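Visitor: mind folding the following:
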Amino acid sequence: MVDYIGQRLGNYQLTRLLGEGGFAQVYLGEHIYLSTQAAIKVLNTQVANDEGWFRTEARTIARLVHPNIVRVLEFGIEGSTPFLVMDYAPSGTLRQRHPRGTRLPLATVTSYVRQVAEALQYAHNEKLVHRDVKPENMLVGRNNEILLSDFGIALITQTMGDQGIQNVAGTLPYTAPEQIQGKPRQASDQYSLAIVAYEWLVGDRPFNGSLTEIISQQLAVAPLPLRASVPTIPPAVEQVILTALEKDPDKRFNNILAFALALEQASQLDTSSQQINQPVEVDLAAATILPSSLLAASVANELSAVKPPEPPSVRQEPASFAQAKSQAAPAGTVIARYREHTNAIRSLVWLADGKRIVSVSNEKTVHVWDATTGNKLQTYQDASDAARLVARSADGSLIATAGSDALIRVWNFTTNLLIGTYRGHQGQMVNAMAWSPTQQLLASAATDGTVHVWDANTGQPLTIYRGHTGSVAMLAWSPSESASPPGHGLCIVSGGDDASIQTWEVTTGKTIALYRNQPAKVLGVGWSPNVYTLSPGASTSSRVGCGRADGMIQMWDTTANREVLSYRYPAPVSFVVWSPNGKRFAYASEDKMIEVWDTMTNRKLVTFTHASPPRVMAWSPDGKYIASGGDDTIIQVWVAP
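Guide: The predicted structure is shown next:
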């Protein structure tokens, strides 16, 4: 192989070899202008500068943006040598962290498998099969997250044809039977990940020997049960691994994430549940970034039930509202677009009938339009220079708008009459506002760090909360007193520039929980609209969640005051919003994406893409549709999962 140390590829000087395989060499590279480091994968093939297949497939891999996938930053062809530039993970691989023969704790294995499975599920949804899942291709990120790398084998084999079994001899112990036979599919990655999990739990791979022996074992020999080597492995865990190692891919789990979830469930069956008591003040500086499963079903149910379908591919061509309802259009299908705004969308709200939307965009008008057609119905003149925020009361009778003059106006939507103006913020720009779930109270937050709770009918303040030291960006009410922390009435969660999330009681302004030491500004907060029961006989709880400028999404159980989910997205997260029934939550990010997840399984259901970063989003009252808009001035209404 050619030694590229000291040479320049693109804008990178290659300084040392990090690793090599049958298809590529990986070097540490330093940007000649920025002095930043990256991993440079140099493919062991020669192409012409105008070689279309390489550029097409490289673009496919570069579009893979997931917190558990090594990001491809750029690609190119130097002379006739193709190369990829990727994020550098200085902590090495899981093979280096856990050498062959090492047995890992079950909790560690389930954590690793879950992260890798989420990455592979994302790739599978993008119609890409990895084909080379092994510990050597699992890197350790800067925050101890697992990053799947080396989609290069998929690029090479898809574009250049089968290279022969000898070229994958080094990974044959992880290769699925159908892949050995030249028919790789998504289930092949599941088989490979199950081999890795088997090795971590037992300390050895199920199939070893010469090249010929491994091929015959993979094709026809059942793996030795895990408990034969390690009797302490729970039977349910063994059953999950062996199911994923079925020779017939149709007998494995329906998708790779279902395998990971079943493994989590099986591991939890062996662990007695204990109530975790934590102090009210929670320090999250060293919080885990791994998603936490809150599944309560047994693994037996997972194995016997109908396996979950793969997340739908996003279809964003406009469809009529009638077609969407009658034909059960897939999630992500656009049913209407509203194009009458001339500035970036700042706020929107559905009316109670679920067919009309009110929106504002830093203009002097408030727009009311038909959510089923995208047709404008009417506009209202705002008294300020620009309308910035809009919100409606729980019963739908009142609308509040906040403008650039720092005043909040409340008007009766039925009669179109202004019924009051709130002037309590005294010249401070209003950043957020929300109606209470049951009373005619409004909460509004401003740039001076205060949150005001006041009566919409009289304009009289009830409480002014002063717990923040910086501008408050977002706030949300608890859906009811029963959903608030025990012993408290209606509560509000708020967050902003001081990088803290605070939960406090409306009537007293007393701080209930303070989640501090956040490393980045809080751009969005939300409160789940329902009450969760995690297991039979367990106490109920609701959740608060936030999105941060560093891409972190976090959720906390309001009853136990403990974190239940921490997930890092590779771009700033601008808001977190729950569906009306609380079974889904969505977040938007600066990379133009909105992702919708299942709240109990932490499984991504759909990704929706905007032409520019989305700034606002709201579910329809029945939870069937989502309206979202952003800097491109267009609001889209699309089918929710």
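Visitor: hmm, residue 633 and residue 615 touching each other?
Guide: No - if you go by CB atoms under 8 Å, residue 615 and residue 633 don't touch, sitting 10.6 Å apart. Quick note: C-beta positions are derived from backbone N, CA and C, even for glycine.
Visitor: what do these two both touch?
Guide: Counting by CB atoms under 8 Å, 6 or more residues apart in numbering, the shared contacts of residue 615 and residue 633 are 344-345.
Visitor: report pLDDT for residue 323.
Guide: According to the prediction, residue 323 has pLDDT 49.
Visitor: contacts for stretch 202-215?
Guide: With CB under 8 Å, 6+ apart, stretch 202-215 has contacts from 100-103, 165-166, 169, 172-174, 180, 195, 198-199, 217-218, 221, 223-224, 226, 229-230, 233, 245.
Visitor: which ChimeraX command selects the buried ones in those?
Guide: ChimeraX command restricting those to the buried ones, with burial defined by 16 or more other CB atoms under 10 Å:
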select :172,173,174,180,195,198,199,217,218,223,226,233,245
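Visitor: now do the same end-to-end measure for stretch 434-454.
Guide: Chord length of stretch 434-454, first to last residue, is 11 Å (CA to CA, to the nearest Å).
Visitor: for the closest residue to residue 220 other than its chain neighbours, helix, strand, or coil?
Guide: Nearest residue to residue 220 in three dimensions, chain neighbours excluded: residue 247, at 7.5 Å (CB to CB, 6 or more residues apart in numbering). Using DSSP: H, G, I helix; E, B strand; the rest coil, the structure places residue 247 in coil.
Visitor: same check, this time on the one 3 residues further on
Guide: With three-state DSSP as the basis, the three-state label of residue 250 is helix.
Visitor: ok, it to residue 186 distance?
Guide: To residue 186, residue 250 is 12 Å away according to CB to CB, to the nearest Å.
Visitor: higher neighbour count, those two?
Guide: residue 186 (21 against 8; other CB atoms under 10 Å).
Visitor: how about the nearest residue to the more buried one, chain neighbours excluded?
Guide: Leaving aside its sequence neighbours, residue 186 sits nearest to residue 124 (CB to CB, 6+ apart; 4.6 Å).
Visitor: next, the buried residues of the helix or strand harbouring the one you found.
Guide: Element membership for residue 124 (DSSP states H and E) is helix 106-125. By 16+ other CB under 10 Å, the buried positions in helix 106-125 come out as 106, 109-125.
Visitor: same check on stretch 203-217?
Guide: Those would be 205-207, 214-215, 217, for stretch 203-217 by 16+ other CB under 10 Å.
Visitor: related to what we said a few turns ago, quick one: residues contacting the residue nearest to residue 220.
Guide: Residues in contact with residue 247 (CB under 8 Å, 6+ apart) are 177, 219-220, 222.
Visitor: can I get these in JSON lines including neighbour count, distance to residue 14 and pLDDT?
Guide: Output for these, formatted as JSON lines (neighbours: other CB atoms under 10 Å; distance: CB to CB, whole Å; pLDDT from 0 to 100):
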{"residue": "177", "neighbour count": "19", "distance to residue 14": "38", "pLDDT": "94"}
{"residue": "219", "neighbour count": "13", "distance to residue 14": "40", "pLDDT": "92"}
{"residue": "220", "neighbour count": "9", "distance to residue 14": "44", "pLDDT": "89"}
{"residue": "222", "neighbour count": "11", "distance to residue 14": "45", "pLDDT": "92"}
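Visitor: these in helices, which ones?
Guide: By the criterion of DSSP state H, membership of these in helices covers 177, 219-220.
Visitor: for those residues, which one is nearest residue 371?
Guide: Residue 371 has its nearest neighbour among the ones in helices among the contacts of residue 247 in residue 177, at 50.3 Å by CB to CB.
Visitor: thought residue 379 was touching residue 367?
Guide: Yes - the pair formed by residue 379 and residue 367 meets the contact definition of CB under 8 Å, at 5.5 Å.
Visitor: of the two, give the one with the bigger neighbour count.
Guide: residue 367 (23 against 14).
Visitor: next one: the more buried one from residue 59, what distance?
Guide: Taken as CB to CB, the span from residue 367 to residue 59 is 38 Å.
Visitor: again, but for residue 578
Guide: 35 Å.
Visitor: neighbour-wise, which of those two wins?
Guide: residue 578 (23 against 11).
Visitor: hmm, the more buried one is touching residue 526, no?
Guide: Yes - using CB under 8 Å, residue 578 makes contact with residue 526 at a distance of 5.6 Å.
Visitor: what is in contact with these two at once?
Guide: Counting by CB under 8 Å, 6+ apart, the contacts common to residue 578 and residue 526 are 545, 585.
Visitor: just the pLDDT at residue 197, thanks.
Guide: For residue 197, pLDDT reads 97.
Visitor: ok, it - contacts?
Guide: With contact taken as CB under 8 Å, 6+ apart, residue 197 is in contact with 109, 112-113, 241, 244, 263.
Visitor: just for the stretch 251-400 of the chain, where's the confidence low?
Guide: 270-328 (pLDDT under 70).
Visitor: going along the chain, name the helices of it.
Guide: 256-269, 299-304, 321-326 (DSSP state H, counting those that start in this stretch).
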